[in-house]
Every structure is written in structure tokens, then in C-alpha cells.
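> would you be able to build a 3D model of this:
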Amino acid sequence: MTFEPHPADGLGLRLGPPKGETLIVLLHGVGASGADLSPIAQALCAADPRRICVLLDGPEPFDGGGDGRQWFSVRGVTPDNRAERVTRALPRLVGRLEALLAAENLSWRSLTLLGFSQGAILTLGLAASGHSFGSGVALAGRLANSVETAHDGSPRLFISHGTADRVIPWAEGQDAQQRLAAAGFDARFQSVDGLGHQISGEQVETVQRWLSSAPCFGDRPEP
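Numbering: from 1, shown residues only. Alright, predicted model coming up:
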């Protein structure tokens, strides 16, 4: 399998069958690109031929220099203004996800968001703000927003964080899981000893098992 430009998004790369049953959209960290997550997408799609994986680039050039992208600027970001920046970024992401799902003829329940760092912040922010989708994976992220009470369409969530992360501290991941679980979400947490601000093979293997344990919604009638 090879990545191809996605016809519904000029900043997206697609991997998978012409017609899939589930869509996994991967969201990179600030200053990076979707291509940085290509090994994870390849592993996820290879494990299940029904999956389509899409690598999305952030909508803005990284304002810290270089060729990377960002979902929102971190210049001058503080605990007081971070939630507002995430909230402003979410509608643009939702619009892109809607276009991807329409192009693939899939429902929101078939969608998994997998985010790292800033991408994980958006994944958690989308869930916490009440959006309906199938599942979310947040690696080395934080929950910047307030949390709405979970409902029937709320995603199941897997949150994982390395204990040696010096960019976004491990405690942020644990706090996100606790707040979401308190609001009624099915939110699981995995701690990875000694891992810094990166993604480990252990995490990818756990994500594989976690995704495989979920129902495959797609557009098929549910029993």
C-alpha cells in the first residue's frame, strides 16, 4: 500500500482500500507534519484491511520556523488562553473531517482520531466539547478544555503518556483521563515508564489491541 493525496483534502494523504469500513485520521504535533506519523498509519492499516488511514497536515505553517505545520499557534500560549485557541481550531478540523467522511461514505461513528501532542490536544478537545465520533487516541497530550457530560455518541478514549515527557508532563495525561472518566466517558490510561515526548512501539501495539476490541461500526446495520 502507498499513500496518495486525498481528493477531499489538499493537506491529506490516504492509505487503504478504495472502500473501507472505518476511517482513522492521524493528527501530528506542532511543527511537524502528517507524514511523520506514516509508520503508525501503515501499521494500523496493515493490521486490518477494512481500515482507511489519513494523515492530515495542520492548516497553518508553523510560526516557529521550518517546514512544519500547526493546528494553532503556541506563541504566547498560557494556561489561561490555551482553551480559547483549541476551541477556535476545532471548527476547522470538524469541517475537514466532515469532508473526509463524506468522500469515504462513512459515518462519524466509524471515525477514530489519533493525535500526538498538539494533535492529541485537539482529539481530547473535540471529545470533551460534546462531538460524536467513534473513538479517540491521545498520545502525549493534555486536556485544555472544560468537559461536557458524556452522551450516547461520545467516543471511547485511549490516553497514553510517557513518564519522562518534559514537553507535556505525564500528569497532564493522567489528569485528562480522570476528568473525562468523571464526566462519564469510557477513558483508559496507559503510562509508559521512561518515555519522553515521543511515541513508542509499546504504545502502538496497545493502540492496535484497543482498536481491535471495539465494534466495527462502519455503515453496516448494528445488531
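> check which helices and strands the lengthiest helix in the chain is in contact with.
Assignment by DSSP state H gives helix 82-104 as the longest helix of the chain. Under the contact criterion of 3 or more C-beta pairs under 8 Å, 6 or more residues apart in numbering; DSSP states H and E, helix 82-104 touches strand 9-15, strand 22-27, strand 51-56, strand 111-116, helix 118-128. Using the backbone N, CA and C atoms, a C-beta is placed for each residue, glycine as well.
> any idea how far Pro169 is from Ala176?
Applying C-beta to C-beta, to the nearest Å, the value for Pro169 to Ala176 is 12 Å.
> try Asp186
14 Å.
> again, but for Pro7
In terms of C-beta to C-beta, Pro7 sits 34 Å off from Ala176.
> could you do Leu27 as well?
15 Å.
> which one's more surrounded, these two?
When Leu27 and Ala176 are compared for neighbours, Leu27 comes out ahead with 29 against 26, by other C-beta atoms under 10 Å.
> from what I can see that one touches Thr112, true?
No - Leu27 lies out of contact with Thr112 (C-beta atoms under 8 Å); the separation is 11.1 Å.
> report the contact partners of the residue nearest to Ser117 when sequence neighbours are not counted.
Closest residue to Ser117 apart from its sequence neighbours, by C-beta to C-beta, 6 or more residues apart in numbering: Gly29 at 3.2 Å. With contact taken as C-beta atoms under 8 Å, 6 or more residues apart in numbering, Gly29 is in contact with 36, 116-119, 140.
> same thing with Val94?
Per C-beta under 8 Å, 6+ apart, neighbours of Val94: 126, 131.
> wait, doesn't Thr149 sit right on Ala181?
No - contact criterion C-beta under 8 Å: Thr149 and Ala181 do not qualify, at 12.0 Å.
> between the two, which has more neighbouring residues?
With neighbours defined as other C-beta under 10 Å, Thr149 and Ala181 compare such that Ala181 has more, 17 against 10.
> which helix or strand contains that one?
Assigned by DSSP states H and E, Ala181 belongs to helix 170-182.
> strands paired with the following helix or strand past that helix, and their directions?
The helix or strand immediately downstream of helix 170-182 is strand 187-192, counting by DSSP H and E. Strand 187-192 has the following strand partners under DSSP bridges: strand 156-162 (parallel).
> buried set for stretch 47-59?
Residues of stretch 47-59 classed as buried: 48, 51-58 (neighbour count, 16 or more other C-beta atoms under 10 Å).
> ok, now stretch 125-140?
Those would be 125-128, 131, 133-140, for stretch 125-140 by 16+ other C-beta under 10 Å.
> repeat that for stretch 159-167.
159-162, 165.
> what sits up against it?
117, 120, 124, 137-141, 168, 170, 172-174, 176-177, 180, 187-198, 200, 203, 206-207.
> mind checking how far that stretch is from the chain centre?
The chain centroid and the centroid of stretch 159-167 are separated by 16 Å, computed with C-alpha atoms, centre = their mean, to the nearest Å.
> for it, the averaged confidence score.
Averaging pLDDT along stretch 159-167 gives 98.
> what is the neighbour count of the closest residue to Arg82 other than its chain neighbours?
Spatial nearest neighbour of Arg82, chain neighbours left out: Ala144 (4.5 Å); criterion: C-beta to C-beta, 6+ apart. Neighbour count of Ala144, defined by other C-beta under 10 Å: 21.
> same question for the one 3 residues further on.
Around Val147 there are 20 other residues, counting by other C-beta under 10 Å.
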